[in-house]
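Asker: Dropping the sequence and predicted coords here.
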Amino acid sequence: MKKQFLLLVLSFSVMWACSDKETPEEKGIGYLTLNINQGTGLKADIQPEDFILSISDGGIEVLKERKGDLPGQIALPVGRYTVEAFSSVFSEPKFDMPCYSGKTEVDIVAGESNTATLTCAQSNAGIKIIWAPGFASTYQTYSAEVQCEAGYLVYSKTESRIGYFLPGTVSLKVSADGKTLSGGTITLAAKDMVTVTLSPKESPSGMLSVNITIDETVNEREIEITPEPSSEENSENNPYTIADAIAKQGKSEVWITGYIVGSKPSSGWDFITISGWQVTNIVLADVDTETNDSKCIPVELPTGSIRTNLNLVNHPELLHRKIVLKGNLIEYHSRPGLRNITTYSVK
């Protein structure tokens, strides 16, 4: 695969004409002209005019604007500036969202015209999941989850899009017909494009095992992961994640784990605002900073010691704590949820 890039040509021209009418402040003003040339490898819907340009002076941002909304010339005082460009703000995993960015420093000098070339390269990394034919013939339901500190993406058996993640370490987990397997970790760098091929194999113990091959096509690294099947099925020590719980509705007496991120109010889904918290429920997510309710599940707190000990109204210190619970995956408040809790453990 060709490396994807974008060239931004920045032309700086200082307008300087000495006359008796000019003040010292006028003589110290330059004019910045931006000319952008698009490379051939960019995604079709990423347009140079939509890039965000940021200009800083000594760490202080003096301008931040969409390129297409900027005038032909920008007046700037003489000095040294840091110029950054990025195609979008990327802070959590998303499908089909490569992000390009670049940075350079330029000097605007009175009486001189300066030209700087800024190269915008892909700043995040992509992962594509390919299911080998054996999965469809062996299992009825299966999915993969790729998780990092900023969040996670779930790849269903029909998912063909590329998921994008911030550089760093991600973990891979595969679920098939209720069996769960940790697929190990992958270290991602900017510009990586990783293809993960998953092939099923039944171990002698009857536990799910998966062969994983990694095809790197951008940074030309090769990664091989040989995961070991979990020693036990769903249990207190091997609970379902919240993503699992959403996908496995209908199962009874299962263990799940997640972070307490709030409580569903009497109406709506603003589970973050403290004034709306209820003693009857808590909301769980796979990351303690989750704000997207579609990645959360509401948990019904039954009357008695469980409600007394776990409700956020009386125990706000439990917010962002990790918890393991056992109960039934049943719809709650018209959403995938957990009800009939019998036991729990706060981590």
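Answerer: Cool, the structure landed.
Asker: Outside of stretch 261-281 itself, list whatever touches it.
Answerer: 282-285, 288-291, 293, 296, 298-301, 307, 311-314, 316, 319-320, 332-333 (C-beta atoms under 8 Å, 6 or more residues apart in numbering). Bear in mind the C-beta positions are built from the backbone N, C-alpha and C, glycine included.
Asker: Apply 6 Å and report the result again.
Answerer: 282-283, 285, 290, 293, 298-301, 311-313 (C-beta atoms under 6 Å, 6 or more residues apart in numbering).
Asker: could you give me the average pLDDT of it?
Answerer: Across stretch 261-281, the average pLDDT comes to 95.
Asker: Counting neighbours, which bits of that stretch end up buried?
Answerer: 261-265, 269, 271-272, 276-281 (16 or more other C-beta atoms under 10 Å).
Asker: Keep only those of those that are in strands.
Answerer: Counting by DSSP state E, the part of the buried residues of stretch 261-281 found in strands is 261-262, 281.
Asker: Name the nearest of those relative to residue 100.
Answerer: Of all those, residue 100 sits closest to residue 261, with 31.7 Å by C-beta to C-beta.
Asker: Now do the strands in the stretch 51-200 of the chain.
Answerer: Counting by DSSP state E, counting those that start in this stretch, the stretch 51-200 of the chain has these strands, from start to end: 52-57, 60-66, 73-77, 79-86, 94-95, 100-108, 113-122, 125-131, 142-148, 151-156, 163-165, 168-176, 179-188, 193-202.
Asker: Dump those to a markdown table, plus mean pLDDT and mean neighbour count.
Answerer: Converted to a markdown table, the strands of the stretch 51-200 of the chain look like this (pLDDT from 0 to 100; neighbours: other C-beta atoms under 10 Å):
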| stretch | mean pLDDT | mean neighbour count |
| --- | --- | --- |
| strand 52-57 | 88 | 17 |
| strand 60-66 | 87 | 12 |
| strand 73-77 | 76 | 15 |
| strand 79-86 | 86 | 18 |
| strand 94-95 | 95 | 15 |
| strand 100-108 | 81 | 18 |
| strand 113-122 | 69 | 17 |
| strand 125-131 | 90 | 21 |
| strand 142-148 | 91 | 21 |
| strand 151-156 | 94 | 20 |
| strand 163-165 | 95 | 25 |
| strand 168-176 | 88 | 19 |
| strand 179-188 | 80 | 19 |
| strand 193-202 | 79 | 18 |
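Asker: In JSON lines, list the ones you listed along with distance to residue 342.
Answerer: Converted to JSON lines, the strands of the stretch 51-200 of the chain look like this (distance: least, C-beta to C-beta, whole Å):
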{"stretch": "strand 52-57", "distance to residue 342": "51"}
{"stretch": "strand 60-66", "distance to residue 342": "53"}
{"stretch": "strand 73-77", "distance to residue 342": "64"}
{"stretch": "strand 79-86", "distance to residue 342": "49"}
{"stretch": "strand 94-95", "distance to residue 342": "37"}
{"stretch": "strand 100-108", "distance to residue 342": "49"}
{"stretch": "strand 113-122", "distance to residue 342": "48"}
{"stretch": "strand 125-131", "distance to residue 342": "35"}
{"stretch": "strand 142-148", "distance to residue 342": "26"}
{"stretch": "strand 151-156", "distance to residue 342": "27"}
{"stretch": "strand 163-165", "distance to residue 342": "36"}
{"stretch": "strand 168-176", "distance to residue 342": "23"}
{"stretch": "strand 179-188", "distance to residue 342": "21"}
{"stretch": "strand 193-202", "distance to residue 342": "32"}
